[in-house]
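J.: no sequence on this one, just coordinates:
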């Protein structure tokens, strides 16, 4: 990646140090001048850069330039880009989900509101999709607070922890799937693809009868269906059916 220093590329990660940084538990020097920056300020600046230019544009040197310091100066606060990205995730998730307006015990309303608020965060920060790829990585208190809120919202279902976690995965999977669709969308390419696909399908309709029928019924045409609401309702309908089967 352009703009990355050799230090960003070559220094092996220390997961323990990264976790301490995320949780604000790193050792602080007791001597020397007072730090001019903080990991949180650096992360907030990097998140703003990612919002406007994408995650690929974020480098230690570019973020440092925004503060008028050298890239090496940032390593006093953040070990490298991987840790910086983790702090950026914390920065945009710092304002956790607000479910106070949801009636107590109404798990369906709570889960729905949690999902909609989560979707708004992903829409506001498209880079979040790539920064929180579905693999095990360090998680800070803000990211865990979102998970905690989702599991708490589902407690009135009576489902056990394993099943509540599976429902959470369905909800966050829906949010991430729609975020991926937005990330992949290109209007000009979409028009060209539609034109070419329609031509191919017209010539080979007999090979794909179900697809041809669906297209004729408007499967891929603008339909006014809100994908988030549709997907959310189907997931929650399934949870209701599951809880009804337990009674």
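T.: Nice, thanks for sending it over. For clarity, every value in this text was computed on a predicted model and none was experimentally measured.
J.: Who are the contact partners of the closest residue to residue 227 other than its chain neighbours?
T.: Using C-beta to C-beta, 6 or more residues apart in numbering and skipping the chain neighbours, the partner closest in space to residue 227 is residue 178 (5.8 Å). Yep, even glycine has a C-beta here, placed from its N, CA and C like the rest. Going by C-beta atoms under 8 Å, 6 or more residues apart in numbering, residue 178 touches 119, 122, 227-228, 231.
J.: Turn those residues into a markdown table, including distance to residue 22, neighbour count and pLDDT.
T.: Formatted as a markdown table, those follow (distance: C-beta to C-beta, whole Å; neighbours: other C-beta atoms under 10 Å; pLDDT from 0 to 100):
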| residue | distance to residue 22 | neighbour count | pLDDT |
| --- | --- | --- | --- |
| 119 | 24 | 20 | 98 |
| 122 | 20 | 21 | 98 |
| 227 | 32 | 12 | 95 |
| 228 | 29 | 18 | 97 |
| 231 | 31 | 19 | 98 |
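J.: Number of residues surrounding the residue nearest to residue 137 when sequence neighbours are not counted?
T.: Nearest residue to residue 137, sequence neighbours excluded (C-beta to C-beta, 6+ apart): residue 86, at 7.2 Å. Using other C-beta atoms under 10 Å, residue 86 is surrounded by 23 other residues.
J.: separation between residue 86 and residue 128?
T.: 12 Å (C-beta to C-beta, to the nearest Å).
J.: likewise residue 239?
T.: Distance of residue 239 to residue 128, computed by C-beta to C-beta: 25 Å.
J.: just residue 83 next, same as before
T.: Remark: distance between residue 83 and residue 128 (C-beta to C-beta) = 17 Å.
J.: where do the helices sit along this protein?
T.: 6-10, 15-22, 39-53, 60-67, 71-74, 81-92, 107-124, 128-131, 141-154, 161-184, 187-203, 209-216, 227-246 (DSSP state H).
J.: winner for burial among these?
T.: Highest mean neighbour count among these (mean count of other C-beta atoms under 10 Å): helix 81-92, with a mean of 23.
J.: Tell me which other helices or strands it touches.
T.: With contacts taken as 3 or more C-beta pairs under 8 Å, 6 or more residues apart in numbering; DSSP states H and E, helix 81-92 sits against helix 15-22, helix 39-53, helix 60-67, helix 128-131, helix 141-154.
J.: List the contacts of the residue located most distally from the centre of the chain.
T.: For the chain, the largest distance from the centre (C-alpha atoms, centre = their mean) belongs to residue 206, which lies 40.9 Å off. By C-beta under 8 Å, 6+ apart, the contact list for residue 206 is empty.
J.: Can you give me the pLDDT of it?
T.: The model reports residue 206 with a pLDDT of 91.
J.: how close does it get to residue 175?
T.: Applying C-beta to C-beta to residue 206 and residue 175 gives a distance of 39 Å.
J.: try residue 34
T.: 41 Å.
J.: rank the helices and strands packed on helix 81-92 by pLDDT, which is bottom?
T.: helix 15-22 (a mean of 85).
J.: Would you mind pulling the contact partners of it?
T.: The contact list for helix 15-22 (C-beta under 8 Å, 6+ apart) reads 25-27, 39, 78-79, 82-83, 86-87, 90, 138-141.
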